[in-house]
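S.K.: Here's a sequence, model it:
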Amino acid sequence: VGARIIHSDGTITSTHKEVIKRLFPTCTIEDAAHFLHAHEQELSQFPDLVAFRREFKGFQAKKLIDKYVVAKKPLRLLLDSDMVWFKEPTELVDALQSGVSRPLMMTNADARVHVIFKDGTSTSDRVAQANSGIVLYRADQFSLSAVDQYVAMTDYRNRKFTDQACFASVLKPDFLPDDRYLIKGTLTKDVVMRHYTSPQRLKFYFYGINRVYRDILN
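M.R.: Modelled structure (predicted):
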């Protein structure tokens with residue numbers, strides 16, 4: 001049986017939580033502010049990772065560490081919240097039903113987001129292609145030790161860090177088809193989902209609210 005976990009960065013108010021619980025009564029809302037204290041013993045073997053989680057204020061640290069630790073299921077599907085879904089994600093459904101033989105991530109298509117490491121080397125083109133709007137993996141395909149090693153290579157104190165490169169380095173995933181899981185491009189009848197990243201995030205509200213009203217509430 002699956003579990004739905006919503007990770008709050010601290011901006012979800014009590015009123016928001018009431019609405020979420022009404023819509024998703026079985027979900028768990030995890031508050032990022034309490035994470036380190038709640039899981040202090042579990043993370044004690046990774047002091048450098050704890051320092052990273054404490055010092056790096058971006059959401060990327062929470063996305064990498066919190067979600068892995070909090071979720072207790074063998075399969076993990078991470079979804080950003082700035083997405084509009086148009087069709088059933090058959091690629092994800094099939095992967096889940098088959099036990100996730102290979103991790104899956106979105107792709108930035110032609111774009112590359114490279115990370116330069118402390119020693120002057122950088123991520124490969126394949127790693128730089130990854131987008132972490134969707135990440136699907138088995139728990140045994142991911143490890144905090146590998147994340148710890150990756151973090152040690154980066155200059156995260158100067159905010160030179162991306163979670164998507166870390167996910168791709170650790171998981172070595174296959175990519176979802178970029179003509180069905182979009183970041184940029186035209187919405188066609190084959191598109192499953194579009195991820196409205198900055199600077200196009202306003203479109204998420206324009207299209208998303210209209211879709212909820214037209215296709216769901218009506």
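
S.K.: just so I have it, where are all the helices in the protein?
M.R.: 14-23, 35-38, 47-55, 59-70, 90-97, 125-129, 144-153, 163-171, 201-211 (DSSP state H).

S.K.: per-residue confidence at Asp155?
M.R.: Asp155 carries a pLDDT value of 90.

S.K.: That one contacts Lys118, correct?
M.R.: Yes. At 5.8 Å, Asp155 counts as touching Lys118 under the criterion of C-beta atoms under 8 Å. (C-beta placed from N, C-alpha, C; glycine too.)

S.K.: joint contacts of the two?
M.R.: With contacts defined as C-beta atoms under 8 Å, 6 or more residues apart in numbering, no residue is shared by Asp155 and Lys118.

S.K.: Return the set of buried residues in stretch 76-88.
M.R.: Within stretch 76-88, the residues that count as buried by 16 or more other C-beta atoms under 10 Å are Arg76, Leu77, Leu78, Asp80, Asp82, Met83, Val84, Phe86.

S.K.: again, but for stretch 135-148
M.R.: For stretch 135-148, using 16+ other C-beta under 10 Å, the buried residues are Val135, Leu136, Tyr137, Arg138, Gln141, Phe142, Leu144, Val147, Asp148.

S.K.: hmm, back to that, just name the most buried of the helices of the chain.
M.R.: helix 163-171 (a mean of 23; mean count of other C-beta atoms under 10 Å).

S.K.: Tell me which residues are up against it.
M.R.: Residues outside helix 163-171 that contact it (C-beta under 8 Å, 6+ apart) are 60-61, 63-64, 103, 105, 113-115, 123, 126-132, 135, 137, 141-143, 146-147, 150-151, 173.

S.K.: change it to 6 Å
M.R.: Residues outside helix 163-171 that contact it (C-beta atoms under 6 Å, 6 or more residues apart in numbering): 60, 63-64, 103, 115, 123, 127, 130-132, 135, 137, 141, 146, 150.

S.K.: Same check on stretch 4-20?
M.R.: Phe24, Cys27, Thr28, Ile29, Glu30, Asp31, Ala32, Ala33, Phe59, Val70.

S.K.: Include distance to Arg194 when you put those residues into JSON lines, please.
M.R.: Below are the contacts of stretch 4-20 laid out as JSON lines (distance: C-beta to C-beta, whole Å):
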{"residue": "Phe24", "distance to Arg194": "22"}
{"residue": "Cys27", "distance to Arg194": "24"}
{"residue": "Thr28", "distance to Arg194": "27"}
{"residue": "Ile29", "distance to Arg194": "26"}
{"residue": "Glu30", "distance to Arg194": "26"}
{"residue": "Asp31", "distance to Arg194": "29"}
{"residue": "Ala32", "distance to Arg194": "26"}
{"residue": "Ala33", "distance to Arg194": "31"}
{"residue": "Phe59", "distance to Arg194": "20"}
{"residue": "Val70", "distance to Arg194": "27"}
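
S.K.: What is the burial count for the residue lying closest to Phe161 once chain neighbours are set aside?
M.R.: Sequence neighbours aside, Thr154 is the residue nearest to Phe161 in space, at 5.3 Å (criterion: C-beta to C-beta, 6 or more residues apart in numbering). For Thr154, the count of nearby residues is 19 (other C-beta atoms under 10 Å).

S.K.: Also the one 3 residues further on?
M.R.: Per other C-beta under 10 Å, the neighbour tally for Arg157 reads 11.
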